[in-house]
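>>> can you look at this prediction? I've put the sequence above it.
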Amino acid sequence: MNNPFKKKGTSLSGKLKGALTDLSVDIFGYEKMVTKNILSHTEYISRKLKIPKERIFVRIFQKNHIIRAFLYDQSKPLHAIPVQELTYFFIDKGTAALTDVQNKVAFSIKQYLSEFAQANHIEEESVCIWIHTKQENVVVRSFRDEEFIKQIPLNSLIKYFK
């Protein structure tokens, strides 16, 4: 006899797994700290270059298996960002100066780009991550070359840094 209250093909555990897939808790305030670092370093660059901070973008990608980053004034490239400076966006300057930390950030970004490419069925070296600030929030977007893929929650990127 069929139970009219039981739905076919969906179990409670299946529903919970689906609902909790992207749930994460920032117990130690890591995302808040990284957001603060990105906002403050963007503000620093804004003052230094005399460009409104809303026009500053950071493009991160991989070329020949090496993490590269460029600073942009909207769509106009300004200059390459060395790994040490890229690290300043995510970690405080004192800690970011350590070579091991810089290597960890570069490796973590590389790992993220690799897994993102695999999950989205695209070539690793065609994935670009663009980071900018908008109204005191950090916006992270993914692209396949110049084609927008989707907006990414900051915590999905920085979870690789832990």
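Yep, that arrived.
>>> measure residue 125 to residue 77 for me?
Distance of residue 125 to residue 77, computed by C-beta to C-beta, to the nearest Å: 18 Å. C-betas here are computed from N, CA, C, even on glycine.
>>> so which of these two has more stuff around it?
residue 125 (14 against 11; other C-beta atoms under 10 Å).
>>> next, the contact list for that one, please.
Each residue near residue 125 by C-beta atoms under 8 Å, 6 or more residues apart in numbering is listed here: 61-64.
>>> what score does it have for pLDDT?
Per-residue pLDDT puts residue 125 at 93.
>>> cool, the one 3 residues further on as well?
Confidence at residue 128, expressed as pLDDT, is 95.
>>> which residues pair with residue 129 across the strands?
For residue 129, the beta-bridge partners are residue 60, residue 142 (DSSP bridges).
>>> pretty sure it contacts residue 144?
No. Under the criterion of C-beta atoms under 8 Å, residue 129 makes no contact with residue 144, lying 11.3 Å away.
>>> neighbour-wise, which of these two wins?
Neighbour count, other C-beta under 10 Å: between residue 129 and residue 144, residue 129 has more, with 21 against 14.
>>> mind listing what the more buried one touches?
For residue 129, the contact set (C-beta under 8 Å, 6+ apart) comprises 59-61, 109, 112-113, 140-143, 152, 157.
>>> of those, closest to residue 73?
residue 59 (11.8 Å; C-beta to C-beta).
>>> the closest one: neighbour count?
17.
>>> what's the closest non-adjacent residue to it?
If the residues on either side of it in the chain are set aside, residue 59 comes closest to residue 70, at 4.8 Å by C-beta to C-beta, 6 or more residues apart in numbering.
>>> in what helix or strand does that neighbour lie?
strand 66-73 (DSSP states H and E).
>>> now that strand: how far from the chain's centre is it?
Put simply, strand 66-73 sits 13 Å off its chain's centre (C-alpha atoms, centre = their mean, to the nearest Å).
>>> average pLDDT across it?
pLDDT averaged over strand 66-73 gives 95.
>>> list the helices and strands it packs on?
Helices and strands touching strand 66-73, by 3 or more C-beta pairs under 8 Å, 6 or more residues apart in numbering; DSSP states H and E, are strand 56-63, strand 76-80, helix 83-90, helix 99-119.
>>> the same query, at a cut-off of 6 Å, please.
strand 56-63, strand 76-80, helix 99-119 (3 or more C-beta pairs under 6 Å, 6 or more residues apart in numbering; DSSP states H and E).
>>> low-confidence stretches in this structure?
1-28, 162 (pLDDT under 70).
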